[in-house]
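J.: Provided below are the primary sequence and the corresponding predicted coordinates.
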Amino acid sequence: MLHLKFNLRLTLTGLFLLALLLFFAYPLSAQTAKRKVRVATYNFPPFVINDNDQFSGISIYLWDKIAEQLGLDYSIEQYKLKEMLEAVAQGKADVAVSCLSITQEREKIVDLSHSFYETHLAIAVKQHGFLQTLKNFFYNKRLFIVLGIVVGVAALIGGILYSLEHNINDKLYSMKNKGGKLMEAFIAGLLFVTSGPIRYYEFKTLSGRILTAFLAVGSTVMIASITALLASTFTLDQMHSKITGPQDLAKVKVGVMEASTSFEYLQEQGINSRTFSDRQELLAALDDGRMDAVVGDDAVLKYKIKAGQAEGRYETLSVLPFVFEKQNYGFALPDESPHLEMLNQALLFVRDTPEWKVEIVKYIGK
């Protein structure tokens, strides 16, 4: 009798789950019974790659796996970025599959899915030749700041030690004239700043020896600070470009894709830019010197430059190592879509599979 009740309970549970599944799946299946799901996309390698109307890429892979999970048949039509969003908002397409940044402005006109890829904006530049690199080195403002600090501290330390020791310490101040002794004092201060303290027993006064002991600690910190500052100032990328960060974009000619989050970022920062509708033309403008910098998605810029270099183009273009304006990518559905929850569940399922991670590495790397 107990066994019978248990089987009956399992049967009722199974029927309930089946009914629940049919309840949630019905709206989408009812829509797709008459026609295929209309997918709007925007060519955006490595997320969407159109090769003679054969679509591939990270986003296409993810959508294909979602469609497989939900049992959907679909067709793909390519749009420009702005038109793709309009197609979904106006009901001309059922879903936008590309790499739409999840923003408040877009959420007002369409429903956006959970994030499937986290990225950030980056700056691509054309590396300078040797002469321009040398010029950038000597015109680097931070270099003069560092040198000013070193000279100032060296003069201060040297001056204090000179006042304490120059009349009685013939070993450290061996020059006969005052100018020579002052130069020796500056050299002693410079040694403190750049290589550490002189041995305390080289000084004859107690004040000089006590000061040396205190400076031993201070010079260690100063040397480490100066080294770090110089390292950040003269990284290879910064020596090859006059752009040392996003703050320099306002001083140069900047190119950006139209209707993109990169364009919105530049507008918010009050930075003038020239917009392009074609990414290849955008990078070509940077390559031939019409633009000083290009702002775009980090993964996309690296992918396009790498692909171009494999074909013998963009040989002097590189992406600077600055991370700013982080953003997330998602899919778009018509506003108040009843299918958003099912799409999100399938998306999260695919994101947790090992195959998804392999696909990311395939196109972008680790």
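T.: Structure received.

J.: show me where pLDDT drops low in the stretch 201-350 of the chain?
T.: 201, 216-223, 226-241 (pLDDT under 70).

J.: quick one: the strands in it?
T.: Using DSSP state E, counting those that start in this stretch, the strands of the stretch 201-350 of the chain run over residues 254-257, 274-276, 293-297, 317-319, 324-334.

J.: list the buried ones in the last one?
T.: What it means is strand 324-334. For strand 324-334, a neighbour-count test (16 or more other CB atoms under 10 Å) marks 325, 327, 328, 329, 330, 331, 332, 333, 334 as buried. C-betas here are computed from N, CA, C, even on glycine.

J.: Is the first one in contact with residue 265, as I believe?
T.: Yes: judged on CB atoms under 8 Å, residue 325 makes contact with residue 265 at a distance of 5.1 Å.

J.: hey, what's in contact with both of these two?
T.: By CB atoms under 8 Å, 6 or more residues apart in numbering, residue 325 and residue 265 have these common neighbours: residue 121.

J.: mind exporting stretch 331-339 as CSV, just the C-alpha atoms?
T.: C-alpha atoms of stretch 331-339 as CSV (Å, rounded to 0.1, in the frame of the first residue of the first chain):
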residue,chain,number,x,y,z
PHE,A,331,20.8,40.0,-26.2
ALA,A,332,17.8,42.1,-26.8
LEU,A,333,14.1,41.2,-27.1
PRO,A,334,11.0,43.3,-27.7
ASP,A,335,9.9,45.3,-24.6
GLU,A,336,8.0,43.3,-22.1
SER,A,337,8.7,40.1,-23.9
PRO,A,338,7.1,37.0,-22.3
HIS,A,339,10.1,34.9,-23.5
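
J.: what's next to it, contact-wise?
T.: Under CB under 8 Å, 6+ apart, the answer for stretch 331-339 is 27-28, 31, 59, 63, 85, 88-89, 91, 94-97, 100, 106, 109-113, 116, 340, 343, 347.

J.: one step back: turn the buried residues of strand 324-334 into a markdown table, columns for distance to residue 122.
T.: Output for the buried residues of strand 324-334, formatted as a markdown table (distance: CB to CB, whole Å):
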| residue | distance to residue 122 |
| --- | --- |
| 325 | 9 |
| 327 | 11 |
| 328 | 16 |
| 329 | 15 |
| 330 | 20 |
| 331 | 23 |
| 332 | 24 |
| 333 | 29 |
| 334 | 32 |
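
J.: now, which of those residues sits nearest residue 170?
T.: residue 325 (62.3 Å; CB to CB).

J.: does the closest residue to the closest one other than its chain neighbours count as helix, strand or coil?
T.: Counting by CB to CB, 6 or more residues apart in numbering, residue 325 lies nearest to residue 121, which is 4.2 Å off, once chain neighbours are set aside. Three-state secondary structure (criterion: DSSP: H, G, I helix; E, B strand; the rest coil) places residue 121 in strand.

J.: ok, the most centrally placed residue in the chain - contacts?
T.: Nearest residue to the geometric centre of the chain (CA atoms, centre = their mean): residue 323, 3.5 Å. Contacts for residue 323 (CB under 8 Å, 6+ apart) come out as 120, 122, 298.
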